[in-house]
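*Asks:* Please find the sequence and the predicted model below.
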Amino acid sequence: MSRPQPDMPAAPLVRARGLSKVYDQHRAVDGIDFSIPRGKCFGFLGPNGAGKTTTLRMLMGLTPMSAGELTVFDLPLPAAAREVRRRVGIVPQADNLDPDFSVQENLQVYASYFGLRGNETETRIERLLEFAALTDRRRSKTETLSGGMKRRLTIARALINEPELVILDEPTTGLDPQARHIIWGRLMELRRRGTTLVLTTHYMEEAERLCDELVIMDQGRILDQGTPAQLIQRHVEPEVIEIRGRAELLERLQPTPDCRIEQMGTSLYCYTGDSRGLMQRLQSDPELTFMHRPAGLEDVFLKLTGRELRD
Amino acid sequence: MLDLRLPRLRRDALTVLRRNLRVWRKLLGPAVAMNFGEPLLYLLGFGYGLGIFIGQMSDMPYLTFLASGIIASSAMTTASFEGMYSVFTRMVPQRTYEALLATPLEIDDILAGEMLWCGTKALFSGIAILAVATALGVVAGWQALLALPVVFLTGLCFAGPAIIMSALASNYDFFNYYFVLVVTPMMLLCGVFYPIDSLPELMQYIVQALPLTHAVALTRPLVAGQAVTDVGLHLSVLVAYTLISYYLAVVLVRRRLLV
């Protein structure tokens, strides 16, 4: 055991080493290592079936691990799952609000599962209703709520025990843009207050906006890890030109100077550090539509995980 | 791989019981109508209708015989319904267990709470039947109140097997097997409507292994004001069914949910 050095950052909240989950023949999570720093927003980015949800379930002590070591708050999982869940808030992928209860009752009943009751808890529920902007819907049945409201209530519910760590499995999947922006705002507010966030997503925009640090996962493995900016710098050229047009028109562009080309559907992606040559040619060709933008996480993601369809 | 560790009983189970109680209170009207209405119809219909032809059975009026049997069989059906349809709903389509498992609660606690709730519901139905039977003047005396703890235990004893069915079910239709193969045969064979000594000898041995027989053997003399015999044996059978089925239910629900 090494002792923490005075200059080192605070001990990580979550530590995983060689974490694996094998179902029959299928390696859902295949020996991954990561550590999640306190007070940050940490993302697992990956296509469907990458092993993100399985990883989160192991973090909650709900999926028995096949191999490896995992600690949360320096407590070993799954042995200390109960203690860990007492201090963690969990937002599942699919809403599982209790349809037998109203909005407010959902929070009260959920509090009771943590052994919380009394005036202090009622005050906390008031604050959470406000946080979720559901104060005037407190008596509504949950099935009358919109998708965005249900998500906000689920997040509020996950905060009932004032958790140090909140785990969110695809927090905005299926929401419209307005609802998504509201959720993002709430999550950033949480992080500002010092709560550590761990989330999975396959939305690049979400990862780029929210995550201080992220891992890109595919087929149970971690492909790379870093801040969004580091990942972009490491894997792709700084500029991208996306060109759309008929195949023969795109062929006219070959060979393209100073570019790495990727084709996807009817689009051509040109990655480059110097776009001037290509831009001049494009601007003189009225039959092609194109978009010039800085490289983003999506480009990193597609490069690392490939472009074939995932089911 | 099965997680065979013995479940631990904690006070947390009571939070699950309280959740169910809170839902039940919201639907008090239909629940009470069911609790009182059904036994009333049974007792009036069967008891008066058949009672005229039968008169006495096992040294008591047929209405008393029937009421003291139905108090046990209704604990069985109440707990079985709750342990199958309601538990399955919370475990699978409604995802309530997923939400519960995101808190410090474990499957041990959840199922202990569910079983206590099934016992409580059985108790409510027992109270209703006893009230109806008292109003019809077929209850012998105060010792009938001792039938209520027996009813609660009977509820626990049938909750476990029902939850096992929920853990194995892929849909609601699966429960038909259990009703046809387990609940209805017990209802008809375990001494609810007629004494088991009228069964063929082999059947008398078989029904001794069934829990409802032992539940009826306790509730009947308590309601009819007769001496209760073999209390230890009857209670042991009910307790054994409760504990073993609870353990199996925990193992099977773990296998289903903790993957």
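*Replies:* Happy to help now that I have it. Numbers count the residues shown, from 1 in each chain, chains lettered A, B, ... in the order given.
*Asks:* alpha carbons only for contacts and neighbour counts from here, please
*Replies:* OK.
*Asks:* All the strands of the stretch 1-150 of chain B, residue numbers only.
*Replies:* B:56-57, B:60-61 (DSSP state E, counting those that start in this stretch).
*Asks:* and what of chain A?
*Replies:* All strands of chain A, identified by DSSP state E, fall at A:14-23, A:26-36, A:41-45, A:67-72, A:75-76, A:88-91, A:165-169, A:196-201, A:213-218, A:221-226, A:239-244, A:260-264, A:267-272, A:289-294.
*Asks:* So is the second one next to chain B?
*Replies:* No. Using CA under 8 Å from any CA of the partner chain, strand A:26-36 never reaches chain B; the gap is at least 11.7 Å.
*Asks:* do the fourth one as well
*Replies:* No. Legend: contact between strand A:67-72 and chain B by CA under 8 Å from any CA is lacking; minimum distance shown is 14.0 Å.
*Asks:* out of the strands of the stretch 1-150 of chain B, nearest to chain A?
*Replies:* In terms of CA to the nearest CA, the element of the strands of the stretch 1-150 of chain B nearest to chain A is strand B:60-61, at 43.7 Å.
*Asks:* Return the list of strands paired to the closest one, each annotated with direction.
*Replies:* Its sheet considered, strand B:60-61 pairs with strand B:56-57 (antiparallel) by DSSP bridges.
*Asks:* so what pLDDT did the residue nearest the centre of chain A get?
*Replies:* The residue lying closest to the centre of chain A (CA atoms, centre = their mean) is residue A:200, at 3.0 Å. Looking at residue A:200, its pLDDT is 93.
*Asks:* Look up the pLDDT of the residue nearest to it when sequence neighbours are not counted for me, please.
*Replies:* Residue nearest to residue A:200 in three dimensions, not counting chain neighbours: residue A:44, with 4.5 Å by CA to CA, 6 or more residues apart in numbering or on different chains. Per-residue pLDDT puts residue A:44 at 95.
*Asks:* distance of residue A:44 from chain B?
*Replies:* 19 Å (CA to the nearest CA, to the nearest Å).
*Asks:* Quick check, that residue in contact with residue A:218.
*Replies:* No. The criterion here is CA atoms under 8 Å, and residue A:44 misses it with residue A:218 at 10.1 Å.
*Asks:* more neighbours, the two?
*Replies:* Between residue A:44 and residue A:218, residue A:44 has the larger neighbour count (other CA atoms under 10 Å in any protein chain shown), namely 27 against 23.
*Asks:* just the strands of the stretch 1-150 of chain B: most buried one?
*Replies:* A comparison of the strands of the stretch 1-150 of chain B by mean neighbour count, using mean count of other CA atoms under 10 Å in any protein chain shown, puts strand B:60-61 on top with a mean of 16.
*Asks:* What lies in contact with that strand?
*Replies:* Here strand B:60-61 makes contact (CA atoms under 8 Å, 6 or more residues apart in numbering or on different chains) with B:51, B:55, B:138, B:224.
*Asks:* In contact with the second one, which residues?
*Replies:* Spelled out, it's residue B:55. Remark: with contacts taken as CA under 8 Å, 6+ apart, residue B:55 is in contact with B:61-62.
*Asks:* List phi and psi for it.
*Replies:* phi 70, psi -110 (degrees, to the nearest 10).
*Asks:* how near is it to residue B:66?
*Replies:* Distance of residue B:55 to residue B:66, computed by CA to CA, to the nearest Å: 12 Å.
*Asks:* Ok, the first one next?
*Replies:* Separation of residue B:51 from residue B:66 (CA to CA) stands at 9 Å.
*Asks:* which of these two has more neighbours?
*Replies:* With neighbours defined as other CA under 10 Å, residue B:51 and residue B:66 compare such that residue B:66 has more, 24 against 20.
*Asks:* Now do the SS call for the nearest residue to that one once chain neighbours are set aside.
*Replies:* Closest residue to residue B:66 apart from its sequence neighbours, by CA to CA, 6+ apart: residue B:193 at 5.9 Å. Here residue B:193 is coil, with the state taken from DSSP: H, G, I helix; E, B strand; the rest coil.
*Asks:* what's the pLDDT at residue B:193?
*Replies:* 93.
*Asks:* how much space between it and residue B:60?
*Replies:* Separation of residue B:193 from residue B:60 (CA to CA): 13 Å.
*Asks:* How about residue A:154?
*Replies:* Distance from residue A:154 to residue B:60, by CA to CA: 58 Å.
*Asks:* repeat for residue A:262
*Replies:* Distance, residue A:262 to residue B:60, by CA to CA: 90 Å.
*Asks:* With residue A:166 instead?
*Replies:* Relative to residue B:60, and taking CA to CA, residue A:166 is found at 64 Å.
*Asks:* For the nearest residue to residue A:47 once chain neighbours are set aside, list the residues it contacts.
*Replies:* In this structure, residue A:47 finds its nearest non-sequential neighbour in residue A:202, 6.1 Å apart by CA to CA, 6+ apart. For residue A:202, the contact set (CA under 8 Å, 6+ apart) comprises A:45-48, A:170.
*Asks:* Please identify the one among the residues you listed that lies nearest to residue A:85.
*Replies:* Nearest to residue A:85 among the contacts of residue A:202: residue A:170, at 19.0 Å, using CA to CA.
*Asks:* If you tally nearby residues, what's the number for residue 206?
*Replies:* Answering for chain A, as no chain was given. Residue A:206, neighbours per other CA under 10 Å, totals 20.
*Asks:* actually chain B
*Replies:* Count around residue B:206 with other CA under 10 Å applied: 11.
*Asks:* Give me the phi and psi for it.
*Replies:* phi -60, psi -50.
*Asks:* Can you lay out the strands of the stretch 1-150 of chain B as a markdown table showing mean pLDDT?
*Replies:* Output for the strands of the stretch 1-150 of chain B, formatted as a markdown table (pLDDT from 0 to 100):
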| stretch | mean pLDDT |
| --- | --- |
| strand B:56-57 | 90 |
| strand B:60-61 | 92 |
